[in-house]
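1. task: produce atomic coordinates for the following.
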Amino acid sequence: MSVKTINTDELRKMNGCEGLILQGCGGELQEWVDGMNDMLIESNILLDGTKFKAENCLAFENEGLTNLLFLFSENVKLDIGKLAVWRLQTHENFGGIWLSDYVDNRLSGFIPEKALEQKKPDCKLIGEDGNIFNLMGIASRTLRQNGMTQQAVEMRDRIRSSCSYDEALCIIGEYVNITGSDESTDEDMDDSMGFEEM
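-> Just a heads-up that it's a prediction; the model follows:
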């Protein structure tokens, strides 16, 4: 099993979890996992023959760096005191930081559970001008009106860094339920989004 890659939004949903993040992990991620295990075993930080497996590790990109999260779990026995000292001693080399500190200081904090449970609001986009910035503005306004200002900011940031119109539309659909007037049809949706028959 290989190291799974997640995005920072998924990282912000990991409230209640803890782990160690290494920053700037270039190259083969499994080599980082193996090297980390070797170092922590040698330093008597990993105990009772346990080690981090690929399923305990997550990779993510942020601020131009590839980062690796080593999640603490029941299957990994650690001397946390020694790990804390090791993290400080090696910080210059690995940029080691606790998951909770990283999310609070670099990603505006964890998403509250209440917000995770909050339903997506309906947003009338079908029949509107299909310019992506217009659609983004309507969806953003809908989110703010429903008390979801943080989600509106996240959505806008993600859309601005998206690579295509389709990707941007998918991102909008993650935050709002795209709706239209009762008489709208699928053909209207295609027209309003700027699609034409080939």
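
2. which element, helix or strand, includes A139?
-> helix 132-145 (DSSP states H and E).

3. burial measure for G64, as a count.
-> 6 (other C-beta atoms under 10 Å). Glycine gets a C-beta too; all of them are placed from N, C-alpha and C.

4. gap between it and S43?
-> In this structure, G64 and S43 are 30 Å apart, going by C-beta to C-beta, to the nearest Å.

5. in contact with L40, which residues?
-> Neighbouring residues of L40 by C-beta atoms under 8 Å, 6 or more residues apart in numbering: 46, 51-52, 78, 83, 86.

6. ok, Y175 touching A139?
-> Yes - with contacts defined as C-beta atoms under 8 Å, Y175 counts as touching A139 at a distance of 6.4 Å.

7. mind checking which of the contacts of L40 are buried?
-> 46, 51-52, 78, 83, 86 (16 or more other C-beta atoms under 10 Å).

8. hmm, E61 and Q23 touching each other?
-> No - under the contact definition of C-beta under 8 Å, Q23 does not touch E61, with a separation of 11.0 Å.

9. quick check, nearest of the buried ones among the contacts of L40 to V3?
-> The shortest distance between V3 and any of those, using C-beta to C-beta, involves F52 and amounts to 10.1 Å.

10. and the closest one, helix, strand or coil?
-> coil (DSSP: H, G, I helix; E, B strand; the rest coil).

11. which one is it nearest to, not counting chain neighbours?
-> In space, F52 comes closest to F70 once its chain neighbours are excluded; the distance is 5.1 Å by C-beta to C-beta, 6 or more residues apart in numbering.

12. the one you found reaches C17, doesn't it?
-> No - at 11.3 Å, F70 and C17 do not qualify as touching, with contact defined as C-beta under 8 Å.

13. neighbour count winner among the two?
-> Just comparing F70 and C17: by other C-beta under 10 Å the higher neighbour count belongs to F70, 23 against 15.

14. and E74, what element?
-> Using DSSP H and E, no helix or strand contains E74.

15. roughly how far does it sit from I178?
-> Applying C-beta to C-beta, one obtains 41 Å for the distance of E74 from I178.

16. looking at these two, which is more packed in?
-> The neighbour comparison of E74 against I178 (other C-beta under 10 Å) goes to I178, with 18 against 6.

17. helix/strand/coil for the more buried one?
-> Taken by three-state DSSP, the conformation at I178 corresponds to strand.

18. quick one, what contacts the nearest residue to G109 once chain neighbours are set aside?
-> Across the structure, with C-beta to C-beta, 6+ apart as the measure, the residue nearest G109 apart from its sequence neighbours is V103 (6.3 Å). By C-beta under 8 Å, 6+ apart, the residues touching V103 are 11-12, 14, 109-110.

19. do you know how far V103 is from L29?
-> Plainly put, V103 is 20 Å away from L29 if you go by C-beta to C-beta.

20. what does T90 give?
-> For T90, the distance to L29 (C-beta to C-beta) stands at 18 Å.

21. the more surrounded of those two?
-> Neighbours per residue, other C-beta under 10 Å: of T90 and L29, the larger number sits with L29, 19 against 14.
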